[in-house]
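# Predicted model and sequence follow; I will ask about them next.
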Amino acid sequence: MSAADVPFWGPDFAELQASDPDIADVVLGELDRLKGGLQLIASENFTSPAVLAALGSTLSNKYAEGYPGRRYYGGCAEVDKAERIGIARAQQLFGVEGAELHVNLQPHSGASANLAAYAALLQPGDTVLAMSLPHGGHLTHGSSVSFSGTWFTPVPYSVRADTELIDYDEVRDLALEHRPAMLIAGATAYPRLIDFAAFREIADEVGAWLMVDAAHFIGLVAGQAIPSPVPYADVVTFTTHKVLRGPRGGMIVCRPDLAKRIDKAVFPFIQGGPLMHAVAAKAVALGECLQPSYRDYARQVVANSKSLADGLAAEGMRPVSGGTDTHLALLDLRELGITGAQAEARCDAARITLNKNAIPYDPAPPMTASGVRVGTAAVTTQGMTEGDMKEVASLIGQAVRDEDGSAAAEVATTVSALVARHPAYPRPA
Ligand SMILES: *Cc1c(COP(=O)(O)O)cnc(C)c1O
């Protein structure tokens, strides 16, 4: 059957343009922005056309409260297949020899996955020991503006002032002092590897659960570029849209004895019907992660990140924590005499998208910040390698020094030429 004969009903851009030109323009404008510049936000990536096709499918219409084979609605035979395929792929990707792994594909986001993990394992008021937000933790790890800091009792750990690395002795001391019900490892802006075995030992010593929030780096685990938290954690939560390169969403994997608690916490405790188009798209992405080419991708992401961090160091930006082992780097800009907010705005003017970010012990307020965070997941998807990262570092260096905006147009032109050599979403030949 040729492609034209497949009885598929899915995204039809001409239809959107005809029926809603305003939103069609937004979609086109965003594609233009994505393709026309450098996307260095460490939590973003470019999903494949296959993932987008599943996301844009009529699976979005289906109500499927419950789990495969145990639904509260009829007509779930087809979506059951998608969820089962996705679960089997996740087990293959993240499972450890000889041990069963439970998988829940339904969390709508990383924050939802974390809320479900808290709900499964904790009682309101319980103490949770997690990395402090200004040192790279996530809002859901105990911030007062999140459920985590309002309904639970957060105790933050930090990185050392001298090395900017996690201080496992401090984590242990805090655990012994506060006796948390749960320890969380994982962060949004920590560029180095995390010692999951050390966290496991501390959790065991105080009888706490160990949750690993692997949102940022789970893609590198899937690609076998960094060690897996799965053998050590009781529960691993993550997003599917960062390095993993799937649709926007969340996932949880856990030991089989926690399966019921996790599943009940996701549905019906915190969510209603799952987004079956997203569940199917997660299955597609997990299938892509099982391909040998994804391992090459994950390794290249890390190689690019190291190369970019080195290049930025040569431009006068200090890599926090001494460098990176992952897809992201955090740069201290104080030597250049500019703030994170200024750097973000100047890069934006030159079509380089990155974000300002607090650095550990940052003297500046969060809306200004002394650093920027960069990640290489997206640029690696578009085929860039270490040589390109040297050029990217030089372009960032020129952009952040451009006080009066006089160089922005010229830098943007070079950026356009660079991304044109490695197009994201190239037109089919
Ligand atoms: C991105 C992220 C989340 C939240 O994911 P959302 O899908 O935005 O809710 C949670 N934890 C960590 C560590 C993250 O990096």
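Good, I have the coordinates.
# Can you tell me which residues in this protein are near the ligand?
43, 109-111, 114, 138, 140, 186-188, 213, 215-216, 239, 250 (CB under 6 Å from any ligand atom). (Each C-beta comes from the backbone N, C-alpha and C, glycine too.)
# do that again at 5 Å, thanks
Ser109, Gly110, Ala111, His138, Thr188, Asp213, Ala215, His216, Thr239 (CB under 5 Å from any ligand atom).
# residue ranges with poor pLDDT in the stretch 301-429 of the chain?
Across the stretch 301-429 of the chain, the ranges flagged by pLDDT under 70 are 428-429.
# hang on, the earlier thing: among the residues of the chain next to the ligand, which are located in helices?
Gly110, Ala111 (DSSP state H).
# can the residues of the chain next to the ligand go into JSON lines with extra columns for distance to Glu403 and pLDDT?
Output for these, formatted as JSON lines (distance: CB to CB, whole Å; pLDDT from 0 to 100):
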{"residue": "Ser109", "distance to Glu403": "38", "pLDDT": "98"}
{"residue": "Gly110", "distance to Glu403": "37", "pLDDT": "98"}
{"residue": "Ala111", "distance to Glu403": "38", "pLDDT": "98"}
{"residue": "His138", "distance to Glu403": "34", "pLDDT": "97"}
{"residue": "Thr188", "distance to Glu403": "30", "pLDDT": "96"}
{"residue": "Asp213", "distance to Glu403": "38", "pLDDT": "98"}
{"residue": "Ala215", "distance to Glu403": "36", "pLDDT": "98"}
{"residue": "His216", "distance to Glu403": "32", "pLDDT": "97"}
{"residue": "Thr239", "distance to Glu403": "36", "pLDDT": "98"}
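# and which of the residues of the chain next to the ligand is nearest the ligand?
Gly110 (2.3 Å; CB to the nearest ligand atom).
# Excluding chain neighbours, what is closest to the closest one?
Leaving out its chain neighbours, the residue that sits closest to Gly110 by CB to CB, 6 or more residues apart in numbering is Thr239, at 3.8 Å.
# Tell me which residues touch the one you found, please.
Contacts for Thr239 (CB atoms under 8 Å, 6 or more residues apart in numbering) come out as Ser43, Ser109, Gly110, Ala113, Ala215, Ile218, Arg248, Gly249, Gly250, Met251.
# Lys35 is in contact with Ala424, isn't it?
Yes. With contact defined as CB atoms under 8 Å, Lys35 counts as touching Ala424 (5.3 Å).
# Test my guess that Pro68 contacts Gly86.
No. Judged on CB under 8 Å, Pro68 makes no contact with Gly86 at a distance of 9.8 Å.
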